[in-house]
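Peer 1: Predicted coordinates and the sequence they were generated for:
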Amino acid sequence: MMETIGHMMDVGIKPDLGTDAVPAFRQAVEKMKEYDSPVTLSIPKGRYDFYPEHAAKVPYYITNTASESENPDVSKTVGLLLKGMKDITLDGNGSLFVFHGKMTPLVIDGCENIQIRNLSIDFERATMSEMVVESVGRHHLDVRVKPDSWYELDLHGDLFWVGEGWRYQGGPAAQYDPANHTIRRIPQHPVMDAVKVEALEPNRLRLHYAGEMPDTKAGNVFQLRDGIRDQVGSFVVRSRNVTWSKVGMHYMHGLGIVCQFSENVSFDEMSMKPRAESGRTCAGFADLIHVSGCRGLIRIENSDFEGAHDDAINVHGTHLRIVDRPSGNQIVVRYMHGQTYGFEPFFAGDELEFIQARTLTPYSSHTVEAVSRIDARDWLLTLDKLVPDSIEEHDVVENVTWTPQVSVRNNRFACIPTRGILVTTRRKVVIENNQFERTGMSAILIADDAESWFESGMVRDVTIRMNRFLECGNEEHPVILIAPENREVPIEQPVHQQVRIKDNRFDMTAGQILHAKSTSGLHVLHNEIAVPASGKAFSRFEDAVRLLACSNVVINGNSI
């Protein structure tokens, strides 16, 4: 089939003007809809600025973002909206898209065969404010605010961070340490916990403290943000065969790229880190790639993840609690976590499993015949057969159909304060040839819960091989953590099965390489622990592993 090439010049846009590119891009998208054959929108290389005034305002319920009270208006301000389109390639030819204000740069909604390639996305004023510690006094810190972190200091000494159409005070805080290239969350807010903020000169402040000061040193960078996830980095929803390649996501407000109820999404040669020329140290408000309720293959390869305030990659489903049984073959299910609700959790024909909350194990399988929305949190499901009589209080259901295979290969993870990868899916998972550098918590977490985040589900086939873990975790967080949140842990009812950890290298200074709970078929083979002279040595490999209610375990051929 002949491919049609559409150039941005055709709709009258030129790069590097500084004017709002939203109307021209919208016109280009509408023009692409006129073609039946595959269309490539080839964008002349340069800088394009996107402003919120003419951007699409579209309501989207997005998983793990914000509760009704945190963000009553779920509308997203979308710079580039691809909706109901097929066989489209967006080729930036190395262009830089710069967004202004609070925006969701790109939404792919109800599309098929979409390629996004050769472009970078950043913000003129990130919603992450940064200031560098210049000196540490006895009761004060002198800091230099970075030039693109705009602020106002009122007559009362109250400091507000300001941007293009937004303003905030307080919020979560983290600290970047250039000496070991790490980001860590910090309990003290360097501004809000100061008794006085004094302006020494433009962009230089003195923070005075009456009591305990933040634990820091000269050269460290404080990262300060608002906590409300009212936009996302980009959104792929109800779409299939979507490919991102050679795309730089250099700052994302709210959750990162979110894939929700989509099939076959690939990421290749992504640069999810700050642009070096920006001088910033943080690229992500929260998770960098977040996958919820997808199917097919999620492929993330040859990419660089650096500088987030939460996990680099999170792949999961959603447990919904059973709250009513109006008839023999009907149940009412509810979204329980405050930040996840509103989107349709099942479709007619989907396979559903009943999950016992206390053990996190399934006990009945059904097909969904009909789905009806009661409100944003409660949904009525009509099933193909009678609901089991053994339902207990707090039991949940999982959508089995929308669970993906996952391939995470040849990536680098650095400057992550939490985990590198979270994955909970029953399909095949391969985590291979990656490098994890000094993650603040476990480099890899396999969870599953029906009480806290309600992120499903069980794993049945996971291979973690030929990765290097460089000083990841600590005494509280093992490098790899398999930790389903079941209250009861009978060894004959494992939550997870068939996890193989083999041919990995663990460079350790403290902690253990593995904690595993409620797992059957756990194989730990031919791994190597390297401990520096200053680190805590193990007398034998098994001392680096802790197991609870695990069965069919093989630990063999490992070395220190």
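Peer 2: Now that the structure is in, tell me what you want to look at.
Peer 1: these two touch, right, residue 472 and residue 445?
Peer 2: No - the pair residue 472 / residue 445 is not scored as a contact, 11.4 Å apart, by Cβ atoms under 8 Å. Where you see a C-beta, it was placed from the backbone N, CA and C, and this is true even at glycine.
Peer 1: And the two? Which one has more around it.
Peer 2: Comparing residue 472 with residue 445 by neighbour count (other Cβ atoms under 10 Å), the higher total belongs to residue 472, at 29 against 22.
Peer 1: any idea how far that one lies from residue 431?
Peer 2: As defined by Cβ to Cβ, to the nearest Å, residue 472 lies at a distance of 13 Å from residue 431.
Peer 1: quick one: contacts for residue 537?
Peer 2: Contacts for residue 537 were tallied using Cβ atoms under 8 Å, 6 or more residues apart in numbering; they are 531, 560.
Peer 1: can you rerun that using 6 Å?
Peer 2: Applying Cβ atoms under 6 Å, 6 or more residues apart in numbering, we find residue 537 in contact with residue 531.
Peer 1: confidence score at it?
Peer 2: We have a pLDDT of 72 for residue 537.
Peer 1: Would you mind stating the distance between residue 463 and residue 141?
Peer 2: Counting by Cβ to Cβ, the gap from residue 463 to residue 141 is 47 Å.
Peer 1: between those two, which one's more packed in?
Peer 2: Between residue 463 and residue 141, counted using other Cβ under 10 Å, the more crowded position is residue 141 (23 against 16).
Peer 1: for the nearest residue to the more buried one once chain neighbours are set aside, which residues make a bridge with it?
Peer 2: Distances taken as Cβ to Cβ, 6 or more residues apart in numbering place residue 207 nearest to residue 141, at 4.6 Å, with adjacent residues excluded. Assessed by DSSP bridges, residue 207 has beta-bridge partners residue 141, residue 197.
Peer 1: Based on its surroundings, how many neighbours for residue 208?
Peer 2: Neighbours of residue 208 under the rule other Cβ under 10 Å: 15.
Peer 1: which residues does it contact?
Peer 2: 140, 194-196.
Peer 1: Residue 42: which of the residues you listed is nearest?
Peer 2: Nearest to residue 42 among the contacts of residue 208: residue 194, at 51.1 Å, using Cβ to Cβ.
Peer 1: Next up, the contacts around the closest residue to residue 16 other than its chain neighbours.
Peer 2: Spatial nearest neighbour of residue 16, chain neighbours left out: residue 46 (4.6 Å); criterion: Cβ to Cβ, 6+ apart. Contact partners of residue 46, counting by Cβ under 6 Å, 6+ apart, are 15-16, 95.
Peer 1: Of those residues, which belong to strands?
Peer 2: Judged by DSSP state E, strands contain the following of the contacts of residue 46: residue 95.
Peer 1: Can you select the buried ones from the contacts of residue 46 in PyMOL?
Peer 2: Buried residues within those, by 16 or more other Cβ atoms under 10 Å, are selected in PyMOL with:
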select buried, resi 15+95
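Peer 1: now the contacts of residue 46 in CSV, with pLDDT?
Peer 2: As requested, the contacts of residue 46 are exported to CSV (pLDDT from 0 to 100):
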residue, pLDDT
15, 94
16, 95
95, 98
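Peer 1: Would you mind putting the contacts of residue 46 into JSON lines with distance to residue 164 alongside?
Peer 2: Formatted as JSON lines, these follow (distance: Cβ to Cβ, whole Å):
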{"residue": "15", "distance to residue 164": "21"}
{"residue": "16", "distance to residue 164": "19"}
{"residue": "95", "distance to residue 164": "21"}
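Peer 1: Please enumerate the helices of the stretch 51-200 of the chain.
Peer 2: Assigned by DSSP state H, counting those that start in this stretch, the helices in the stretch 51-200 of the chain number zero.
Peer 1: wait, I meant the stretch 351-500 of the chain
Peer 2: So, for the stretch 351-500 of the chain - with DSSP H, counting those that start in this stretch - there are no helices.
Peer 1: so where's this structure shaky on pLDDT?
Peer 2: The model of the chain has pLDDT under 70 over residues 1-2, 8-12, 535-536.
Peer 1: and it, what are its domains?
Peer 2: The chain breaks down by automatic domain parsing into domains covering 4-125+229-310, 128-225, 318-399.
Peer 1: closest to residue 502 out of those domains?
Peer 2: Of all the domains of the chain, it is domain 4-125+229-310 that lies closest to residue 502, at 19.6 Å by Cβ to Cβ.
Peer 1: Now do the end-to-end distance for that closest one.
Peer 2: Distance between the boundary residues of domain 4-125+229-310 (Cα to Cα, to the nearest Å) amounts to 40 Å.
Peer 1: same check, this time on stretch 516-534
Peer 2: Start and end residues of stretch 516-534 are separated by 27 Å (Cα to Cα).
Peer 1: swap in stretch 501-510?
Peer 2: 20 Å.
Peer 1: For it, list every residue counted as buried.
Peer 2: Buried residues in stretch 501-510, defined by neighbour count with 16+ other Cβ under 10 Å: 501-502, 504, 506-508.
Peer 1: Tabulate those residues (TSV), appending secondary structure and distance to residue 20.
Peer 2: Converted to TSV, those look like this (DSSP: H, G, I helix; E, B strand; the rest coil; distance: Cβ to Cβ, whole Å):
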residue	secondary structure	distance to residue 20
501	strand	51
502	strand	53
504	coil	49
506	strand	50
507	strand	49
508	coil	52
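Peer 1: Could you tell me how far residue 133 is located from residue 417?
Peer 2: Taking Cβ to Cβ, one finds residue 133 at 18 Å from residue 417.
Peer 1: Same question for residue 323.
Peer 2: Computed as Cβ to Cβ, the residue 323 to residue 417 distance reads 35 Å.
Peer 1: Neighbour count for the two, which is higher?
Peer 2: residue 417 (22 against 14).
Peer 1: quick one: contacts for the more buried one?
Peer 2: Each residue near residue 417 by Cβ under 6 Å, 6+ apart is listed here: 183-185, 440.
Peer 1: hmm, 7 Å instead?
Peer 2: Listed by Cβ atoms under 7 Å, 6 or more residues apart in numbering, the contact set of residue 417 reads 174, 183-185, 309, 440.
Peer 1: Just want to check the distance between it and residue 310.
Peer 2: Going from residue 417 to residue 310 by Cβ to Cβ gives 7 Å.
Peer 1: Same question for residue 487.
Peer 2: From residue 487 across to residue 310, the span is 26 Å (Cβ to Cβ).
Peer 1: Now do the same contact list for residue 282.
Peer 2: Per Cβ under 7 Å, 6+ apart, neighbours of residue 282: 128, 183, 223, 274, 307, 309.
Peer 1: can you give me the strands for the stretch 251-400 of the chain?
Peer 2: Along the stretch 251-400 of the chain, counting by DSSP state E, counting those that start in this stretch, strands occupy 255-260, 263-268, 271-272, 289-292, 295-301, 304-306, 313-318, 320-327, 330-334, 351-356, 361-373, 378-383, 396-399.
Peer 1: Looking at these, which is nearest to residue 534?
Peer 2: The nearest among these, by Cβ to Cβ, is strand 304-306 at 25.9 Å.
Peer 1: And the closest one, what does it pack against?
Peer 2: Secondary-structure packing of strand 304-306 (3 or more Cβ pairs under 7 Å, 6 or more residues apart in numbering; DSSP states H and E): strand 271-272, strand 412-414.
Peer 1: so what does the first one touch, helix or strand wise?
Peer 2: Okay, so that is strand 271-272. Secondary-structure packing of strand 271-272 (3+ Cβ pairs under 7 Å, 6+ apart): strand 304-306.
Peer 1: and what of the last one?
Peer 2: Identification of packing neighbours for strand 412-414 by 3+ Cβ pairs under 7 Å, 6+ apart yields strand 304-306, strand 435-437.
Peer 1: and the residue nearest to the spatial centre of the chain, what does it touch?
Peer 2: Closest to where the C-alpha atoms of the chain average out (Cα atoms, centre = their mean) is residue 287, at 2.5 Å. Shown in contact with residue 287 (Cβ under 7 Å, 6+ apart): 255-256, 308, 310-311, 314.
Peer 1: circling back: just want to check the distance between the residue nearest to residue 16 and residue 7.
Peer 2: 13 Å.
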